[in-house]
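> what follows is a predicted structure for the sequence shown.
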Amino acid sequence: MKAPVRVAVTGAAGQIAYSLLFRIASGEMLGKDQPVILQLLEVPFEKPQQALKGVMMELQDCAFPLLTDMVGTDDPLVAFKDAEYALLVGARPRGPGMERADLLQENAKIFTAQGKALNDVAHRDVKVLVVGNPANTNAYIAMKSAPDLPAKNFTAMLRLDHNRAASQLAAKTGKAVASIEKLLVWGNHSPTMYADYRFATINGESVKAMIGDEAWNRDVFLPTVGKRGAAIIEARGLSSAASAANAAIDHMRDWALGTNGKWTTMGIPSDGSYGIPEGVMYGFPVTCENGAYEIVQGLEIDEFSRDRMNFTLNELEEERAAIAHLLG
Ligand SMILES: NC(=O)c1ccc[n+]([C@@H]2O[C@H](COP(=O)([O-])OP(=O)(O)OC[C@H]3O[C@@H](n4cnc5c(N)ncnc54)[C@H](O)[C@@H]3O)[C@@H](O)[C@H]2O)c1
Ligand SMILES: O=C(O)C[C@H](O)C(=O)O
């Protein structure tokens, strides 16, 4: 039996966490042979702390064989202590009529404090996934607030956009979603992101050639994927939760256990690849192996793609400028 690993989850009484924690505890994220200790963080107010107790009672009632221990706390230094995985979900979600950027100032303070706490107490190889919006910039803030941890440990969730894009392509081509390979999403987790299927294949055949409709790409596919979060808020009155939790599981599982050479999308600090300035937290195509991700290199960037990649980059640069004062 493997030794248990500590998994910290923030926003643990929230709606994403309610879809996420039970799947982590059942082994869907780190494998059916990997015991876990859940370290759950919520804000220090009576209602969320009470709700967190209820969630922990339910986790207990599942009698998951892999859940060896758990702790609920309002102190980041307790939640992140020795954590090897940290899923930063806790943040204010947007409501109808808001853009994710509207959350910037409010949520930036949370990620400065949590980056510092990770810096102080987390395992030195901690894998951090930021889900709370605006996810890329929050991940950037956490990374910058944790100077003693490697920058590559900090990632942002683009996987929901990736999965949404895959499902739209499956519906358009009438093929199985699992047969789609080499899909990617560039940039920010926002309507500016660029889901790029120019290299995608289904059973070895080009998806672009199969669809053969640039107007559909520009006028239907990209807006549908880009505005999917808003469409769900409109329909549910609440932001996506189960699909977000599912994407978080996918992201962490692939990072920890590998992708077997297959491409996926992660928001990661740029190393300068594809002309994206170093350090910008940007969606890239990656493969994962032995607990590390690597950017897929050598893809041709045409004029349309360069424009889209710059558009989403500009938004990230603007977000970065708006929170620069918080980083001191
Ligand atoms: N990246 C993505 O693809 C993606 C997808 C869906 C939602 N989101 C974002 O995820 C976040 C959470 O969404 P939700 O629907 O679970 O929201 P929610 O309001 O249901 O839950 C958030 C929880 O976080 C807690 N929280 C707030 N500040 C905290 C802090 N400093 N420390 C610990 N906990 C804190 C709140 O008390 C609340 O219980 C939002 O920012 C949302 O926009 C991101
Ligand atoms: O859109 C939101 O605010 C929630 C989330 O980022 C999503 O994409 O569903």
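The structure has been received and is ready for your questions. Ligands and ions are numbered 1, 2, ... in the order given.
> give me the three-state assignment for K32.
coil (DSSP: H, G, I helix; E, B strand; the rest coil).
> that one contacts F64, correct?
No. The criterion here is CB atoms under 8 Å, and K32 misses it with F64 at 10.8 Å. (Each C-beta comes from the backbone N, C-alpha and C, glycine too.)
> ok, the two, which is more surrounded?
Set K32 next to F64 and count neighbours by other CB atoms under 10 Å: F64 wins out with 17 against 9.
> for the host helix or strand of L313, which helices and strands make contact with it?
For L313, the host element (DSSP states H and E) is helix 303-323. Here helix 303-323 touches helix 104-121, helix 135-144, strand 184-186, strand 194-196, strand 281-289, going by 3 or more CB pairs under 8 Å, 6 or more residues apart in numbering; DSSP states H and E.
> and that helix, anywhere near ligand 1?
No. Using CB under 6 Å from any ligand atom, helix 303-323 stays clear of ligand 1, with a minimum separation of 13.9 Å.
> what does the average pLDDT come to for that helix?
The average pLDDT within helix 303-323 is 96.
> could you do stretch 233-251 as well?
97.
> buried sites along that stretch?
Across stretch 233-251, burial judged by 16 or more other CB atoms under 10 Å covers 233, 239-241, 243-251.
> and which of those is nearest to ligand 1?
Nearest to ligand 1 out of these is A244 (CB to the nearest ligand atom; 3.4 Å).
> need the contact partners of the helix or strand the closest one falls within.
Using DSSP H and E, A244 sits within helix 242-257. Outside helix 242-257, the residues that touch it by CB atoms under 8 Å, 6 or more residues apart in numbering are 16-17, 19-20, 23-24, 28-31, 85, 87, 89, 127, 129, 131, 155, 157, 159-160, 162-164, 232, 264, 266, 288, 291, 293.
> now, which of these lie close to ligand 1?
Taking CB under 6 Å from any ligand atom as the test, ligand 1 is in contact with 16, 89, 131, 157, 160 out of the contacts of helix 242-257.
> run the chain-centre distance for the helix holding A244.
On the basis of CA atoms, centre = their mean, to the nearest Å, helix 242-257 sits 8 Å off its chain's mean C-alpha point.
> what are the buried residues along the helix or strand following that helix?
Sequence order places strand 264-269 as the next helix or strand after helix 242-257, per DSSP H and E. Neighbour counts over strand 264-269 (16+ other CB under 10 Å) mark 264-269 as buried.
> and if you look at stretch 195-215?
Those would be 195-202, 207-208, 210-211, for stretch 195-215 by 16+ other CB under 10 Å.
> same list (those) but as CSV, adding pLDDT.
Listed next are those as CSV, based on pLDDT from 0 to 100:
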residue, pLDDT
A195, 98
D196, 98
Y197, 98
R198, 98
F199, 98
A200, 98
T201, 98
I202, 97
V207, 98
K208, 98
M210, 97
I211, 98
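> filter the buried residues of stretch 233-251 down to the ones near ligand 1?
Near ligand 1, judged by CB under 6 Å from any ligand atom, the entries from the buried residues of stretch 233-251 are 239-241, 244.
> return only those of the residues you listed found close to ligand 2.
Counting by CB under 6 Å from any ligand atom, the members of these near ligand 2 are 239-240, 244.
> of all residues in this structure, which one is closest to ligand 1?
Closest contact between the chain and ligand 1, by CB to the nearest ligand atom, is at G14 (2.0 Å).
> any idea how far V131 is from that residue?
Counting by CB to CB, to the nearest Å, the gap from G14 to V131 is 10 Å.
> between those two, which is the more surrounded one?
More neighbours surround V131 than the other of G14 and V131, with 28 against 23 (other CB under 10 Å).
> list the residues that contact R198.
By CB under 8 Å, 6+ apart, the contact set of R198 is 208, 302, 305.
> and it, how far from K116?
Relative to K116, and taking CB to CB, R198 is found at 41 Å.
> the residue of the stretch 1-150 of the chain found nearest ligand 2: neighbour count?
For the stretch 1-150 of the chain and ligand 2, the shortest gap (CB to the nearest ligand atom) falls at R94, measuring 4.4 Å. For R94, the number of neighbouring residues by other CB under 10 Å comes to 18.
> residues touching it, list them.
100, 102-103, 133, 233, 239.
> so for G14 and V131, which residues contact both of them?
In terms of CB under 8 Å, 6+ apart, G14 and V131 are both contacted by the residues V89.
> what bridges to the nearest residue to M70 once chain neighbours are set aside?
By the measure of CB to CB, 6 or more residues apart in numbering, the closest residue to M70 outside its immediate chain neighbours is L38, 4.1 Å from it. Bridge pairing for L38 (DSSP bridges) gives the partners V7, M70.
> what about L38, distance to G90?
Plainly put, L38 is 14 Å away from G90 if you go by CB to CB.
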